[in-house]
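S.K.: Here is the input, now give the coordinates:
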Amino acid sequence: MKRLILLFFFLNTAACIAQANNNLVNGITKGPDSTRVNFILENYYKIYAQGFDEADTTMLYLIELAQKNNWEDKVAYGYLYRGVINYLSGSYENALKFYLVALKKFTTLNNDKGIGRTYNELAVFYHKTGETNKAFDALSKSYELCKNIKDLECLGTSLAHKVTFLKRKGDYVSAYPIMIQVLDIRKQMGDSIGLGYAYLDLADYEAQKGNINTSIAYIEQSTSIRKAIGDKQGLAVNKVIVGETYFTANEFEKAITYFQQTIKLAEPIGYLDLIKFAYSMIEQSSLSLGDYKEAHHALNQSIIIKDSIFSIEKAKTIAALDAQYETEKKEQQIALQTAEIAKKTAENERKVLMIIALVAILVLLITVFLLFRNRAKRKQQLLIKEKDLKVKEAQIEATLNSQESERKRFASDLHDGFGQLISALRLNMNNFNQENEDDRKLKAFEHSEKILDDMHSEIRAIAFNLMPVTLIQEGVLSAVKEFSARINKSEQLKIEVTSFELNTRFKEVFEVAIYRIIQEWVNNVLKYAEASKITIQLDQYETELILIIEDNGKGFDKNKLFKSKGNGWRNIQTRTNLIKSQIEIDSAPARLGTTFIVTAPILAFINGEKLVNTTKSN
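M.R.: All right, here's what the predicted structure looks like:
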C-alpha cells in the first residue's frame with residue numbers, strides 16, 4: 001500500500017519536473033532501480049531546483065527503492081538530502097531529524113565521506129539557528145574527516161562554509177586566506193562551478209576594501225568560466241553583480257548599463273526574479289541621477305513582471321514620479337474626478353435607503369445563521385463527548401483486562417514455579433531429617449540450598465515483571481537496557497539500545513508509560529515478527545522525546561493493527577494517550593523490517609533530575 005501511494009505522488013512530481021526538464025523525468029522513471037537511484041543522487045541539485053515539495057517526494061521515492069534493495073548507503077544519502085530540502089524550505093525541526101538519521105546511518109556504515117558531508121550541512125543548520133559553537137564544531141569535524149580521506153569536494157565545501165560564516169561576521173581579514181585555499185582546491189579539482197563562486201567571494205572581498213577595479217576583474221574571471229561551461233543563469237547573475245558593484249561605488253550610469261545587459265541575458269531563459277531585480281536597481285540608479293522618467297519606466301516594468309497589485313508605497317512612488325513630468329495630465333484627471341464625485345453624491349443619496357434595507361436583512365440572516373450554528377455546535381459537542389466516553393470505556397476495559405491477565409500470570413508463576421520449588425524444598429527437608437548418614441544429609445542440605453537460590457531468582461523475575469526497581473531508581477534508559485539484557489541472554493535475537501541527549505529524569509508516570517510501551521511492542525515483535533535484531537533508540541530534544549524501535553522481521557498490514565481490539569494494542573494506545581504522545585508505524589506485509597515511532601512532549605513531565613551518564617551505548 002505504501003509503495004502505491006508513494007508511486008502516485010512520485011508520478012505527480014515527475015509531471016511537474018517534466019515542465020522544466022524531460023531528461024530528469026526519463027532518468028528518474030526509466031531503467032533498473034540502481035540506475036534510477038544513482039541518477040537521482042547525481043542530479044540532486046537539478047531536482048530540488050524544480051521545487052522543494054517535488055524534490056522531497058523524489059527523495060522519498062529514492063529511499064523506498066534503496067530500502068527495497070538493502071542499499072543502506074543510498075538510504076543514508078536520501079535522508080541527508082531530505083534534511084537539506086527541509087532546511088531550505090524552512091522546516092528546521094524536520095531538517096535536524098533527517099540530518100541525525102543520516103549521520104547515524106553513515107556512522108554505522110563507517111562511511112567517512114557521508115559523515116563529513118552531513119557535518120557540513122549540520123554546520124549550516126546550526127549557524128542559521130544561532131548555535132555558533134555547534135556550527136564551528138561541526139565544521140571542524142567535517143574539515144578533519146574530509147582532509148583525512150582526501151575528499152577535495154567536501155573539503156572545499158567545508159572551507160567555503162567557513163568563508164561565509166566569517167563574512168557574515170564582517171571578518172573579511174580572516175576569511176581572505178581561506179578564500180585562497182578554496183580557490184586552489186577548485187582549480188585542483190577542475191570544478192568549474194565551484195571556481196566561479198570562489199572568484200565571486202574574492203570580488204566581494206575586494207569590493208569591501210574599496211578596490212572596485214580589482215573586484216570587477218574577479219567577476220570577469222568568474223564570467224569567463226561560466227561562459228565556457230554554458231551557464232546562462234550564472235552569466236546573468238554575474239552581470240547583475242557587476243552592476244551592484246558600480247552602484248555601490250555611486251557610478252550609476254555604468255550600473256544601469258550592466259543591469260540592462262542582465263535583462264537581455266535573463267529574458268531568453270525566463271529568469272523572471274532576476275529581471276525584476278534588475279529593473280528595480282535601474283529604478284534606484286535613475287532616481288539617483290534625477291532621471292524620473294526612466295525611473296518611472298523601470299518601475300512599471302518591474303510591476304508588470306511581478307504581476308501583482310501595487311503596494312501603497314509603490315503607488316506613492318509612481319505618483320511622485322508622475323508629478324515630475326505629467327502635471328498637466330494630472331490636472332485634467334482631477335477635474336474629471338471632481339465632476340464624477342458630484343454625480344456620485346446624488347446617486348448615493350438614493351442608495352441610502354436601499355443600504356438600510358439590505359443591512360436589516362443581513363442582520364436577520366446572521367441571527368438565523370448563528371442560531372442554527374449554535375444548535376449544530378451543541379449537537380456536535382454531544383457527539384464528541386459520546387465518542388470520548390466510548391474511547392475511555394474501551395481504554396478502561398483494556399486496562400482491566402490487562403490487569404486481570406497480569407494477575408493470572410502472577411498467580412500461575414507463583415503456583416507453577418514458586419509453588420513447585422516450595423514442595424521440592426519441603427520434600428528435601430523431610431529427607432534431611434530422615435537420613436542418618438552425614439554424606440546424605442550434606443547432599444540434602446546442598447540440594448536445599450540450590451532450591452533456595454532458584455526461589456530467589458524466581459522472586460526477582462516476578463518482581464521485575466511487576467515493576468523493575470531500575471526504572472524507579474535510575475530511569476527509563478537503564479530499565480530498558482536491563483530489559484534488553486534479559487532478552488539477549490535467551491539468544492533468540494539481539495537487542496541494541498541507543499540514546500541521544502537523554503540527560504533528564506522524568507516523572508514516574510511518563511517513564512513507566514514509555515517503558516511499558518517498549519515492553520509491549522518488543523513482546524509483539526518476539527511473538528509474531530520472527531526478527532533476529534531489534535534496535536531501540538531514545539532521543540531527547542528540547543520539547544519532546546522520540547522513541548524509535550526498528551526490527552528486521554516480517555512486516556504487517558498497519559490497518560489491521562489499527563482496527564485490532566487486542567489488549568496489547570489497546571494498552572499501547574492507553575499509555576500514549578496518557579502522556580499525550582503520537583504514534584507512527586512504517587511496515588508492509590511484502591517486505592522485511594518495521595519501524596515504530598512514538599513522539600512524546602516532555603515539558604510537563606520533567607522533574608529536574610539529571611542522569612549521571614548520558615553517553616550513547618548499547
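S.K.: quick one: the strands in the stretch 451-600 of the chain?
M.R.: Counting by DSSP state E, counting those that start in this stretch, residue ranges of the strands within the stretch 451-600 of the chain are 494-500, 504-506, 533-540, 544-554, 582-586, 592-601.
S.K.: quick check: angle from the longest one to strand 582-586?
M.R.: Pointing back at strand 544-554 there. Relative orientation of strand 544-554 and strand 582-586, computed by axes from the mean of the first three to the mean of the last three Cα atoms, to 10 degrees: 30 degrees.
S.K.: Direction included, what does strand 544-554 pair against?
M.R.: Paired neighbours of strand 544-554 in the sheet (DSSP bridges): strand 533-540 (antiparallel), strand 592-601 (antiparallel).
S.K.: will you turn the strands of the stretch 451-600 of the chain into JSON lines that also has mean neighbour count and mean pLDDT?
M.R.: To be clear about C-beta, it is placed using only N, CA and C from the backbone, and glycine gets the same treatment. Shown next, in JSON lines, are these (neighbours: other Cβ atoms under 10 Å; pLDDT from 0 to 100):
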{"stretch": "strand 494-500", "mean neighbour count": "18", "mean pLDDT": "94"}
{"stretch": "strand 504-506", "mean neighbour count": "20", "mean pLDDT": "87"}
{"stretch": "strand 533-540", "mean neighbour count": "20", "mean pLDDT": "94"}
{"stretch": "strand 544-554", "mean neighbour count": "19", "mean pLDDT": "94"}
{"stretch": "strand 582-586", "mean neighbour count": "14", "mean pLDDT": "94"}
{"stretch": "strand 592-601", "mean neighbour count": "19", "mean pLDDT": "95"}
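S.K.: can you put those strands in TSV and add distance to residue 57?
M.R.: Formatted as TSV, those follow (distance: least, Cβ to Cβ, whole Å):
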stretch	distance to residue 57
strand 494-500	28
strand 504-506	36
strand 533-540	25
strand 544-554	23
strand 582-586	16
strand 592-601	19
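S.K.: Which stretch among those strands approaches residue 75 most closely?
M.R.: Closest of the strands of the stretch 451-600 of the chain to residue 75 is strand 592-601, at 11.2 Å (criterion: Cβ to Cβ).
S.K.: C-alpha coordinates for that closest one, PDB please?
M.R.: Extracted C-alpha coordinates of strand 592-601, given in PDB (Å, rounded to 0.1, in the frame of the first residue of the first chain):
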ATOM      1  CA  LEU A 592      11.100  -7.100   5.900                       C
ATOM      2  CA  GLY A 593      11.500  -4.600   8.600                       C
ATOM      3  CA  THR A 594       9.200  -2.500  10.700                       C
ATOM      4  CA  THR A 595       9.700   1.000  12.300                       C
ATOM      5  CA  PHE A 596       7.700   2.000  15.300                       C
ATOM      6  CA  ILE A 597       7.900   5.700  16.400                       C
ATOM      7  CA  VAL A 598       6.500   7.500  19.400                       C
ATOM      8  CA  THR A 599       6.800  11.300  19.700                       C
ATOM      9  CA  ALA A 600       6.100  12.500  23.300                       C
ATOM     10  CA  PRO A 601       6.100  16.000  24.600                       C
END
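S.K.: circling back: I'd like to know which of the strands of the stretch 451-600 of the chain is closest to residue 141.
M.R.: Using Cβ to Cβ, the strands of the stretch 451-600 of the chain put strand 494-500 closest to residue 141, at 16.2 Å.
S.K.: How about residues contacting the closest one?
M.R.: Under the contact criterion Cβ atoms under 8 Å, 6 or more residues apart in numbering, strand 494-500 has outside partners 100, 477, 480-481, 484, 487-488, 522, 532-540, 614, 616-618.
S.K.: let's see 10 Å
M.R.: 100, 104, 476-478, 480-488, 518, 522, 525-526, 531-541, 546, 548-551, 611, 614-618 (Cβ atoms under 10 Å, 6 or more residues apart in numbering).
S.K.: next helix or strand past the helix or strand hosting residue 245?
M.R.: Assigned by DSSP states H and E, residue 245 belongs to helix 232-248. Counting by DSSP H and E, the next helix or strand C-terminal to helix 232-248 is helix 252-266.
S.K.: Whichever helix or strand comes after that following helix: which residues count as buried?
M.R.: Scanning forward in sequence from helix 252-266 by DSSP H and E, the next helix or strand is helix 272-289. For helix 272-289, a neighbour-count test (16 or more other Cβ atoms under 10 Å) marks 274-287 as buried.
S.K.: what distance separates the following helix or strand past helix 272-289 from the centre of its chain?
M.R.: Sequence order places helix 292-306 as the next helix or strand after helix 272-289, per DSSP H and E. Per Cα atoms, centre = their mean, to the nearest Å, the displacement of helix 292-306 from the mean C-alpha position of its chain is 41 Å.
S.K.: again with stretch 565-585
M.R.: 24 Å.
S.K.: same check, this time on stretch 353-360
M.R.: 54 Å.
S.K.: quick one: contacts of that stretch?
M.R.: Stretch 353-360 has contacts (Cβ under 10 Å, 6+ apart) with 348, 351.
S.K.: helix or strand for residue 201, which one?
M.R.: helix 192-209.
S.K.: what comes up buried for that helix?
M.R.: Within helix 192-209, judged by 16+ other Cβ under 10 Å, the buried ones are 194-207.
S.K.: Of all pairs in those, which one is the farthest apart?
M.R.: 194 and 207 (20.4 Å).
S.K.: rewinding a little: immediately after the helix holding residue 201, which helix or strand?
M.R.: helix 212-228.
S.K.: quick one on the thing from earlier: between the helix holding residue 201 and helix 232-248, how big is the angle?
M.R.: Using the same axes, to 10 degrees, helix 192-209 lies at 0 degrees relative to helix 232-248.
S.K.: which helices and strands does helix 192-209 pack with?
M.R.: helix 152-168, helix 172-189, helix 212-228, helix 232-248 (3 or more Cβ pairs under 10 Å, 6 or more residues apart in numbering; DSSP states H and E).
S.K.: For these, could you give me TSV that also reports mean neighbour count and mean pLDDT?
M.R.: Conversion of the helices and strands packed on helix 192-209 to TSV gives the following (neighbours: other Cβ under 10 Å; pLDDT from 0 to 100):
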stretch	mean neighbour count	mean pLDDT
helix 152-168	20	85
helix 172-189	16	88
helix 212-228	18	87
helix 232-248	21	85
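S.K.: so which of those gets nearest residue 586?
M.R.: Of the helices and strands packed on helix 192-209, nearest to residue 586 by Cβ to Cβ is helix 152-168, at 30.5 Å.
S.K.: could you check the angle helix 172-189 makes with the closest one?
M.R.: Going by the same axes, to 10 degrees, helix 152-168 makes 160 degrees with helix 172-189.
S.K.: Fine by me, we can end here.
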